[in-house]
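Enquirer: Quick one, fold the following:
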Amino acid sequence: MLIQWYPGHMHKASKEIKHILPQVDLIIEILDARIPFSSENPMLKALRGDKPCIKVLSKSDLADPDLTQAWQAYLEQEKGVKTLALTIEQPEKMRQIADLCHKMLPGKDSSGRLIQALIVGIPNVGKSTLINILAGRTIAKTGNEPAITKTQQRIDIGNGIVLWDTPGVLWPNVENRNSGYRLATTGAIKDTAINHEHIAFFAAEYLLKHYPDLLKARFQIEQLPDGEQELMETIGRNRGCLRAGGRVDMDKVAKLLLSELRAGTIGRISLETPAMMEQELAELAVIREQKAAKKLARKQKWKDSK
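Expert: Residues are numbered from 1 along each chain as shown. The predicted structure is shown next:
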């Protein structure tokens, strides 16, 4: 199941980002701390060049703290990258971003020129909340639904910094299938664009493997089943998600599991690790090579038939 959700305003925003990048001094990319790799914009990574980049791991209160630290160390291996793990309950820590901007661009202070910073992030990652805190006033509309911000705006936040804000952007084809599922699991993709049961089964399989104790505690299960189907049915019976005749309502269970995972009520959960991503990138490289070889073979076959 490839997840593709790319409204028109996202296509427009992607073009705007490409146009703006040469004019900015620094990039602030807001990542979801639960999925730092899957919430990175691959287009931005390719176009950033040597511009300094602050990667803000938002919603860190929902993520596994040990894995958040591991991700920060991993991301900061890249030249010109600094990270901050934040949550909207930490406005004072959020304001450290302005200080970090000045530290990463020491020459700007002496020149007297404003720092031009592009702020980007996937939908529903907390970008608008962060902008409002940095600006000290309500500038950007916030909400729990993805794709709230739909137009570009420039915001003077004081302290010698101007933010260039753009709508939350996904990419037209989430190439890594698992990344697509993770984006949907955390709520970055609009619920009307996904199949809840498919996504919940992905989440259930992952939780069984990596966070069994949290599942036991939250859903009061003494002995966890081996598979995700059985887990969903057990949760459904425990929570009364039943249809007529006592059958488990899988759609209802799926929505319940995703809702509680997104809210953090199951516990602090991260859906990917640096080692996992290295493995998936290697697998993706093989898939790309196979696709390229098939495409070349088709072209050759077409030429030979003429």
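
Enquirer: Helix, strand, or coil at the residue nearest to the spatial centre of the chain?
Expert: In the chain, the centroid-proximal residue (Cα atoms, centre = their mean) is Ser39; its distance is 2.8 Å. Three-state call for Ser39 (DSSP: H, G, I helix; E, B strand; the rest coil): coil.

Enquirer: Please identify the buried residues of the helix or strand where Leu281 lies?
Expert: Assigned by DSSP states H and E, Leu281 belongs to helix 274-305. Across helix 274-305, burial judged by 16 or more other Cβ atoms under 10 Å covers 274, 277, 280, 284. All C-beta atoms are positioned from the backbone trio N, CA, C, and that covers glycine.

Enquirer: by contact count, what packs against it?
Expert: helix 65-75 (3 or more Cβ pairs under 8 Å, 6 or more residues apart in numbering; DSSP states H and E).

Enquirer: circling back to that earlier point, what's the pLDDT at the residue nearest to the centre of the chain?
Expert: At Ser39, the model reports a pLDDT of 90.

Enquirer: mind listing what it touches?
Expert: With contact taken as Cβ atoms under 8 Å, 6 or more residues apart in numbering, Ser39 is in contact with 31-32, 121-122, 125, 183, 186, 188.

Enquirer: between those, which is nearest Asp61?
Expert: Asp32 (11.9 Å; Cβ to Cβ).

Enquirer: Next, give phi and psi for that closest one.
Expert: phi -80, psi 120 (degrees, to the nearest 10).

Enquirer: hang on, the earlier thing: which members of the contacts of Ser39 are positioned in helices?
Expert: Counted as lying in helices by DSSP state H, out of these, are 183, 186.

Enquirer: Out of the contacts of Ser39, show me where the pLDDT dips lowest.
Expert: Lowest pLDDT among the contacts of Ser39: Ile122, 80.

Enquirer: isn't it right next to Asn41, touching?
Expert: Yes - Ile122 is in contact with Asn41 according to Cβ atoms under 8 Å; the separation is 7.3 Å.

Enquirer: Please say which of those two ends up with more neighbours.
Expert: Ile122 (26 against 20; other Cβ atoms under 10 Å).

Enquirer: For Ala188, see how far away the more buried one is.
Expert: Going from Ile122 to Ala188 by Cβ to Cβ, to the nearest Å gives 5 Å.

Enquirer: Kindly report the same for Thr138.
Expert: For Thr138 relative to Ala188 (Cβ to Cβ), the value is 23 Å.

Enquirer: quick one: which of the two has more around it?
Expert: Taking other Cβ under 10 Å, Thr138 and Ala188 do not tie; Ala188 has more neighbours (25 against 10).

Enquirer: Surely that one is in contact with Asp32?
Expert: Yes - in terms of Cβ under 8 Å, Ala188 counts as a neighbour of Asp32; the distance is 6.9 Å.

Enquirer: which residues do those two both contact?
Expert: 39, 122, 125.

Enquirer: Looking at those, which is nearest Ile194?
Expert: Looking across the shared contacts of Ala188 and Asp32 and measuring by Cβ to Cβ, the closest to Ile194 is Ile122, at 14.6 Å.

Enquirer: what are the phi and psi angles of that closest one?
Expert: phi -70, psi 170.

Enquirer: so how far is Glu233 from Ile194?
Expert: 21 Å.

Enquirer: Lys59 now?
Expert: The value you get for Lys59 to Glu233, if Cβ to Cβ is used, is 30 Å.

Enquirer: Flag the shaky bits of this protein, pLDDT-wise.
Expert: For the chain, the stretches flagged by pLDDT under 70 are 1-14, 109-111, 140-152, 168-175, 192-193, 306.

Enquirer: returning to what we had before: the more surrounded of Lys59 and Glu233?
Expert: For Lys59 versus Glu233, neighbours defined as other Cβ under 10 Å are more numerous around Lys59 (24 against 17).
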